[in-house]
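*Asks:* Just a sequence and a predicted model for now, questions to come.
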Amino acid sequence: MRKHLASLDGLRGVAALAVALKHFQNLSHINLHLQQAAVAVDLFFVLSGFVIAQAYEHRLAAGLRWGEYMRIRLARLYPAILGGLVIALILRFAFGGPYIWSFTFQFALLPVLVGPMLYGGDIFPLDGPQWSLFWEVVANGLHAAVFRWLTPRRLAWIMAIAAIGLAWAAWAWGWLDVGWTRRTFWCGLPRVIYGFSAGVLIFRLKARGWSAPKVPYPLLLLVLALCMFRWAPSIRLYWARDLILVIVILPLIVAFAVSAEAKGRWMKPVLWLGAISYPLYTLHVPLLRGYRWLLMEHPPITPLEGKIGWVLAFGGTLAFAHLFERAYDAPIRAWLAGRRNRSATASPRRPVVREAPADQPEAPVLANPSAPRR
């Protein structure tokens with residue numbers, strides 16, 4: 001695996017862990033001071049912009065059709081989404097009381113880009129983190145449609161306009177933990193546009209020969225981890241703090257990580273987190289919520305027992321995400337990729353786009369995005 005991709009996987013793993021711990025904090029009422037971890041989603045958007053531009057822009061330029069590209073992306077995202085929904089539904093049925101409305105509307109709207117419910121509270125009541133995956137699919141489709149038009153200058157203008165939307169959202173709601181409820185649904189658009197465009201811009205600049213100075217990779221992980229904690233709570237300028245993180249600090253972390261050295265035995269747990277980051281992101285809310293419902297039926301005897309139970313539940317969530325990736329998500333994606341490649345081989349009208357192995361980058365960084373692969 002190329003070093004810069006290993007470094008991005010490490011960032012993704014730390015960010016997914018931070019999001020999961022934030023929701024663990026909210027559900028368990030064990031304060032970890034991770035109030036800022038909601039902006040880890042914006043780091044995901046930046047990472048996605050870079051990786052998608054690197055892996056697919058030259059394929060799209062070589063003739064990969066938009067519809068085929070979207071099928072590839074949905075085959076990558078949907079197995080874990082569907083698995084998370086099924087698990088959430090089973091747990092809600094077993095422990096969570098009334099479930100029929102969530103079941104009916106969530107699955108009725110699945111064909112429509114994972115289907116937000118634009119009324120009530122959470123727009124994805126079964127699995128809240130799906131809100132960002134919805135916007136991820138939207139960003140993927142828009143990028144594939146206009147990638148030829150996206151020069152670095154135009155990307156900078158798009159980011160500037162999105163930054164205005166971010167500032168408005170942060171000022172209106174007091175922070176940027178927005179986009180997952182009906183009232184703040186529109187706030188997801190500037191979040192994904194800014195982050196995804198920043199990632200594409202980093203790739204374009206990298207392809208032109210620009211690179212950030214090399215810094216120690218452990219320092220980047222430390223800075224990212226510190227960004228997830230609550231800063232100076234007495235000041236209460238949450239909106240300004242979130243804006244600085246999303247607009248400046250998180251894209252810079254990705255830009256530096258692209259050129260950073262990520263190697264050594266100490267990287268194994270970081271890369272493991274990166275490998276399970278997507279199933280962890282899609283599964284942790286249903287699993288932790290199911291444990292909370294179980295506790296409501298069988299409460300612990302002492303507060304200490306309750307905390308120990310929650311810690312064990314979180315450890316079990318990490319283990320389940322690992323098993324989910326190995327036994328379900330990766331095999332399903334491999335099967336879908338093989339089926340797609342066989343179909344493409346049989347049809348001379350469609351270019352063959354073979355998937356890279358799960359532990360390899362999908363495409364190298366090219367000086368010219370439209371150049372053929374070596």
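*Replies:* Okay, I see it.

*Asks:* ranges for the helices of the stretch 1-150 of the chain?
*Replies:* 3-28, 40-61, 66-95, 100-108, 130-146 (DSSP state H, counting those that start in this stretch).

*Asks:* Of the ones you listed, flag the one that's most buried.
*Replies:* helix 40-61 (a mean of 24; mean count of other C-beta atoms under 10 Å). For every residue, glycine as well, the C-beta is placed using N, CA and C.

*Asks:* Send me that helix as CSV with only the CA atoms.
*Replies:* In CSV, the C-alpha atoms belonging to helix 40-61 read as follows (Å, rounded to 0.1, in the frame of the first residue of the first chain):
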residue,chain,number,x,y,z
ALA,A,40,-14.8,14.3,12.0
VAL,A,41,-17.5,13.8,9.4
ASP,A,42,-16.1,16.8,7.6
LEU,A,43,-12.7,15.1,7.6
PHE,A,44,-14.4,12.1,5.9
PHE,A,45,-15.7,14.4,3.2
VAL,A,46,-12.2,15.8,2.5
LEU,A,47,-10.7,12.3,2.5
SER,A,48,-13.4,11.1,0.1
GLY,A,49,-12.8,14.0,-2.3
PHE,A,50,-9.1,13.1,-2.5
VAL,A,51,-9.5,9.4,-2.8
ILE,A,52,-12.4,9.5,-5.3
ALA,A,53,-10.5,12.0,-7.5
GLN,A,54,-7.4,9.9,-7.4
ALA,A,55,-9.2,6.6,-8.1
TYR,A,56,-11.8,7.6,-10.7
GLU,A,57,-11.0,10.8,-12.6
HIS,A,58,-8.7,9.2,-15.0
ARG,A,59,-11.2,6.3,-15.5
LEU,A,60,-14.0,8.8,-16.2
ALA,A,61,-11.7,10.7,-18.6
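
*Asks:* could you check the angle helix 130-146 makes with it?
*Replies:* Interaxial angle of helix 40-61 relative to helix 130-146 (axes from the mean of the first three to the mean of the last three C-alpha atoms, to 10 degrees): 30 degrees.

*Asks:* by contact count, what packs against helix 40-61?
*Replies:* Secondary-structure packing of helix 40-61 (3 or more C-beta pairs under 8 Å, 6 or more residues apart in numbering; DSSP states H and E): helix 3-28, helix 66-95, helix 130-146, helix 188-207, helix 250-258.

*Asks:* So which of those helices is nearest V311?
*Replies:* Nearest of these to V311, taken as C-beta to C-beta: helix 3-28 at 8.7 Å.

*Asks:* mean confidence score for that closest one?
*Replies:* Mean pLDDT, helix 3-28: 90.

*Asks:* on that earlier part again, just send the helices and strands packed on helix 40-61 back as CSV, with distance to K307 too.
*Replies:* Shown next, in CSV, are these (distance: least, C-beta to C-beta, whole Å):
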stretch, distance to K307
helix 3-28, 8
helix 66-95, 20
helix 130-146, 29
helix 188-207, 33
helix 250-258, 31
